[in-house]
Structures are given as structure tokens and as C-alpha cells.
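Enquirer: Okay, sequence plus prediction incoming.
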Amino acid sequence: MIRLENLSKSFWVRGQRKVVIDNVDIELPSGRSLALLGRNGAGKSTLMDIIAGLQKPDTGRVISDGTVSWPVGFGASFHRELTGAQNVRFIARVYGVDTDALIAFVEDFAELGKHFHMPVRSYSQGMRGRLTFGTSMGIHFDTYLVDEVTAVGDAAFKRKSRAVFQERMKVSSAVLVSHEMGQVRQFCDAGIVLENGKVTYFDDLEEAIEQHQSLLS
């Protein structure tokens, strides 16, 4: 369960205050994989960051009764001057998981070769994406925050990413941001739509998709 209590967040843009989260009060159920839908600029990434604890809301709070991942694909959570392996080792210690086991998993999964032992500042965007996705999938979380499950890599890597994510979803929940409705239907069974700072929960995924698409048109 993740509960958003009276959550608000705004930014100053060109001298004007833009509200992206407007006094949201909603409980996201456990055991569901939720699609987070909304137009570009609606505030989806901001909401994910707040749930993960990476940004502070202006008002309100987030309450969870389980562990929540960082937003998968959030490369800033990795130190640029450390190698991929050193970053994974550090994260393993932070989350209290077996260091050697996590390093072995990520090294095999991410397919970075010699770059796994090179500084992250030398990585391409795709390499950073594989590193962050592999690291998050190597740790058990009750809820995974994911931005585009298979956004990086070739076709074979994307298939592998889908397979490991589906395996994690057998025992965990997720909040997934994706612009591909096929991917949303594959991984999600309910949805939330963010529009004008408000969040609406749909127990029926197709209703969420219909609402989202109507807002785009």
C-alpha cells in the first residue's frame, strides 16, 4: 500500500507558479501493477520522484507499508566517478542485500562487459539504463517504480528485461510510466491518470487508458 496524503508540489516557471500535484489524497492498493498515465509535462516523473523520496512535496506526505524502489532509469542515483561494480556494491550495502550476489546478477544481466568495471561517467545513456534496471531488478522491492520497462537495449535485451520484470511482478507491485499502451496492457492491471495536478484511480485498466487517450485528443 502507498498512500498519498494531501500531497502538493509546484515549481516556479518563468516567474509563474506551476502546480503539478494539487492536494492529492489517494491510496494506491497493494498487489496491483499500476499504469501511471498522463500527457507530457503532467508531472508523472515528479510524482514518481516524490513517492521514491527523491523530491520533497510542498505539502503532505507519502506513506508506504513496504519497500519502494528508486525510479528505474534514474541515472542520477549512481555516482559518475565510481565504476558500475562499485555503485552496485554501495547500493547493496545501503539496502542490506548480499553484495556478491547482486554484483554477479547485475554483471550478467546488464551485459556491460569491461565497462562494468569502468567509471559510470564513461557510459552511454543506454548503458546507464541497463545498469540501473539490472540493479533494481536484482533487489526485492514490494513496489517497483519503472519508467519504460524496455526502453534500452537491442531486441534480445528487451525480451530479457520483459521476462525478469514479469517474474518480479509475480510477488511485487509496480507503478509503471509508459507511452506504449501495448506495454501498459502487458504489465499492468489497473491505472492512475494524472491531469491538472489531480490523480484518479481506475480499477479497470481499460477505463484508465480510455480516459488518458480522451485527454490527449
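Expert: It's in.
Enquirer: Going by C-alpha atoms from here, please, whenever you check contacts or count neighbours.
Expert: OK.
Enquirer: Where do the strands of this protein begin and end?
Expert: Secondary structure of the chain (DSSP state E): strands located at 2-13, 16-28, 33-37, 59-64, 68-72, 143-147, 173-177, 190-195, 198-202.
Enquirer: ok, and what's touching the fourth one?
Expert: Going back to what we said before, that points to strand 59-64. Residues outside strand 59-64 that contact it (C-alpha atoms under 8 Å, 6 or more residues apart in numbering): 1-9, 23, 50-51.
Enquirer: ok, and the most crowded of those residues?
Expert: Using other C-alpha atoms under 10 Å as the neighbour test, the contacts of strand 59-64 are led by Ile51, with 25 neighbours.
Enquirer: Could I get the contacting residues of that residue?
Expert: Residues near Ile51 by C-alpha under 8 Å, 6+ apart: Val62.
Enquirer: Report the separation between it and Phe11.
Expert: To Phe11, Ile51 is 17 Å away according to C-alpha to C-alpha, to the nearest Å.
Enquirer: How is this protein divided into domains?
Expert: 1-67+142-217, 76-139 (automatic domain parsing).
Enquirer: Tell me where this protein has helices.
Expert: For the chain, the helices defined by DSSP state H occupy 44-52, 84-95, 99-110, 125-137, 155-168, 181-187, 205-216.
Enquirer: The fifth one: which residues count as buried?
Expert: Spelled out, that is helix 155-168. Of all the residues in helix 155-168, those buried under the rule 16 or more other C-alpha atoms under 10 Å are 157, 161-162, 165, 168.
Enquirer: quick revisit: and the helices of the chain, which is most packed in?
Expert: Stretch with highest mean neighbour count among the helices of the chain: helix 125-137 (a mean of 22; mean count of other C-alpha atoms under 10 Å).
Enquirer: Mean pLDDT added to the domains of the chain, as JSON lines?
Expert: Output for the domains of the chain, formatted as JSON lines (pLDDT from 0 to 100):
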{"stretch": "domain 1-67+142-217", "mean pLDDT": "91"}
{"stretch": "domain 76-139", "mean pLDDT": "93"}
